[in-house]
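Trainee: Could you look at this predicted model? Sequence included:
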Amino acid sequence: MARSRFATIIPTILILFVIVLNSFGVVLLSSAPVVSDDPDSVVIRPPHGEGNRHTMFLPLFLSPPNSSRVERNSRRHLQKFDSRSPNARMELHDDLLLNGYYTTRLWIGTPPQKFALIVDTGSTVTYVPCSTCEQCGRHQDPKFQPELSSTYQPVKCNINCACDNDREQCVYERQYAEMSSSSGVLGEDIISFGNQSELTPQRAVFGCENVETGDLYSQHADGIMGLGRGDLSVVDQLVDRGVISDSFSLCYGGMDVGGGTMVLGGISPPAEMVFTRSNPVRSPYYNIELNEIHVAGKKLPLNPTVFDGKHGTVLDSGTTYAYLPETAFLAFRDAVMKELKSLKRIHGPDPNYNDICFSGAGSEVSQLLKAFPAVDMIFDNGQKLSLSPENYLFRHSKVHGAYCLGIFQNGKDPTTLLGGIIVRNTLVSYDREHEKVGFWKTNCSDLWEKLNISGAPPPAPSASNETNSTADMHPTLAPSEPSQYVHPGETKVGLITFSMSLNVKYLDLKPHITELAQFIAQELDVDATQVHVLNFTSKGNGSLIRWAIFPAGSDDYISNATAKGIIEQIEESRVHLPDTFGSYRLFELKIKPPPKRVWWHKHYLIVVVAVIVTLIIGLSAAGAWFIWRRREQSLVSYKPVDSVVPEQELQPL
């Protein structure tokens, strides 16, 4: 009888255990990030400070189209491209001041291996880290593996190159002013310019690095794309093959925006483009003939020969800032400071640099002309390039609304060196065929779309009218409203969501949705368990998917470094998918902070385990007490000798 009563306790324990498990499930659900498109979503904004000069802490984004008359005219100017040969139109990534450079994407080999290369007009060799390199840093992409490319060939030793010790293969070596260097062997392979380019893949010679030092070793980018003058330059090789005209163009995005466009080959210049002569005999660099600098409409008291020392005035896309000879810098600094009546001089963000900085200008780039003077550069032919404050300033990374001069003294070197800051939001056309350089002020972030619309090859046949558009042809982030961004350091990222529109039919895509999620996880460098489908619907003859990226494992939030990488990939549409998934478009990128939790939410696992252990111990103790109590009662209970228990046999005494 005691056993039967104890048996009734077991269902009770099971019921209580189920209740605890349900509670555990509720805790799990309440602790998971809630996915919704509510207006409380946090959207990433650009930082108020530019931070470390060599550290990127924000992704880049495209500005919304500008409907002003100037921009409408710019679209018309770019309608006609040079028809003699095709162009390679390539996006630029990163930010000049946050990274110190701009990069583009180049594919090398068969099958193609992808690389992020710094766009450098001051270099004549294109090189990437080689798989044999024992002194190469950790970069954005894996090293180039010649053994995996069926089209790779080493450049054999000949009288036109320096050779290795065995005199079997050509080698190269490059050293830079900041004491970094690169050396390795020369190889030849197929290079590709991306699916936005109408220029087909071409064979070219490039460097396969075996040693890199200095900034080249520590930088995030993989290598250098040399656009300078020289036999090994990518431009020279393509021109020699007759596949492009002898010209290329660069357009760098503005302050807080970054990005931009590069065109290998000629374009029809806008009517408002101003030109200056570029003498290829004067120096191996792209020089221009600068005669005067005006600040607030007033000419600096300088002899024009000050801009003609040594290499003259050089344009270098691989240099971040601008550097003037001593007399020119002092005159420029004094003239600018004379115009800053309402601003306060403050210390720079880095004590290692004697930066000239000012506070009180506000954070709006469009309003900087109210506080800082306009600057004009006058060329030898009298034509003028007007600079906005963003062309000679950079943000103070520690003081909101403060800015510093991005033009410095070039030591005792008489060369005038104009880096990328001077040409932000400026289309620069390097017309080597006619020995001139042209400048045209424009919105470089919008220029990419204008170039695609005006000169892109016709799209591949599509079953859907909706996907037969520029946005779908060329996968770029195209938000329906101006993007707003916040510094990831100011808030923890609990969830990243974005939408993807594909021109693949819903029924055809459905069996491969898991495979697609794995490809996206691989491209975003996250675990496949972090990628979830929130919504998957049919859109015309295509498909629409809403994706979510969750924190890894039991983490409450995605680390800032990981979040920045994910957002950068999505913003720049660097999610490369196999051709079987067709063309796609990314939009509606949002991030959400982790949900607010009380103590027991944060430590729900400990709480649940403690409750379960306590319950088991309590139930076990109760069961043991019940058994002991029952046994005690059976031992001390009095029964007469002649009493008969039903259905029980009497035992002899």
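Mentor: On my side now, so go ahead. Remember, it's a predicted structure, so these values are computed and weren't measured experimentally.
Trainee: Please count neighbours and contacts with C-alpha atoms only from this point.
Mentor: OK.
Trainee: quick one, what contacts Val171?
Mentor: Cys161, Ala162, Cys163, Asp164, Ser183, Gly184, Val185, Leu186, Gly207 (C-alpha atoms under 8 Å, 6 or more residues apart in numbering).
Trainee: Same check on Phe144?
Mentor: Gln113, Val128, Pro129, Cys130, Ser131, Cys208.
Trainee: Just the buried ones from those residues?
Mentor: Gln113, Val128, Pro129, Cys130, Ser131, Cys208 (16 or more other C-alpha atoms under 10 Å).
Trainee: Which residue comes closest to the second one once chain neighbours are left out?
Mentor: Leaving out its chain neighbours, the residue that sits closest to Val128 by C-alpha to C-alpha, 6 or more residues apart in numbering is Gly223, at 4.8 Å.
Trainee: How many neighbouring residues does the one you found have?
Mentor: 26 (other C-alpha atoms under 10 Å).
Trainee: Under the pLDDT cut-off, which ranges of the stretch 501-650 of the chain? List them.
Mentor: Residue ranges of the stretch 501-650 of the chain with pLDDT under 70: 596-605, 632-650.
Trainee: residue boundaries of the helices in the stretch 351-500 of the chain?
Mentor: 444-455, 470-473 (DSSP state H, counting those that start in this stretch).
Trainee: among the ones you listed, which gets the worst mean confidence?
Mentor: Among those, helix 470-473 carries the lowest mean pLDDT, a mean of 29.
Trainee: so who does the residue nearest to Val128 touch?
Mentor: Gly223 touches Phe115, Ala116, Leu117, Ile118, Thr126, Tyr127, Val128, Pro129, Leu216, counting by C-alpha under 8 Å, 6+ apart.
Trainee: in the stretch 551-653 of the chain, which spans are helices?
Mentor: 560-571, 599-602, 604-636.
Trainee: export these to CSV and tack on distance to Ser499?
Mentor: Below are the helices of the stretch 551-653 of the chain laid out as CSV (distance: least, C-alpha to C-alpha, whole Å):
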stretch, distance to Ser499
helix 560-571, 10
helix 599-602, 30
helix 604-636, 32
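Trainee: any chance of these in TSV, plus distance to Ser445 and mean neighbour count?
Mentor: Formatted as TSV, the helices of the stretch 551-653 of the chain follow (distance: least, C-alpha to C-alpha, whole Å; neighbours: other C-alpha atoms under 10 Å):
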stretch	distance to Ser445	mean neighbour count
helix 560-571	12	20
helix 599-602	42	13
helix 604-636	47	13
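Trainee: Which of those helices sits closest to Gly419?
Mentor: Gly419 lies closest to helix 560-571 among the helices of the stretch 551-653 of the chain, at 24.2 Å (C-alpha to C-alpha).
Trainee: just checking, what packs against that closest one?
Mentor: Applying 3 or more C-alpha pairs under 8 Å, 6 or more residues apart in numbering; DSSP states H and E, one finds that helix 560-571 contacts helix 513-524, strand 584-592.
Trainee: what sits opposite the closest residue in space to Lys384 that isn't next to it in sequence in the beta ladder?
Mentor: Leaving aside its chain neighbours, Lys384 sits nearest to Ile378 (4.6 Å; criterion: C-alpha to C-alpha, 6+ apart). Judged by DSSP bridges, the bridge partners of Ile378 are Glu292, Lys384.
Trainee: Now do the contacts for Ile378.
Mentor: Leu290, Asn291, Glu292, Ile293, His294, Lys384, Leu385.
Trainee: if you set the cut-off to 6 Å instead, what comes out?
Mentor: Asn291, Glu292, Lys384 (C-alpha atoms under 6 Å, 6 or more residues apart in numbering).
Trainee: any idea which of those is closest to Met273?
Mentor: For these, the nearest to Met273 is Lys384 (9.9 Å; C-alpha to C-alpha).
Trainee: Would you mind measuring from the closest one to Gln113?
Mentor: 43 Å (C-alpha to C-alpha, to the nearest Å).
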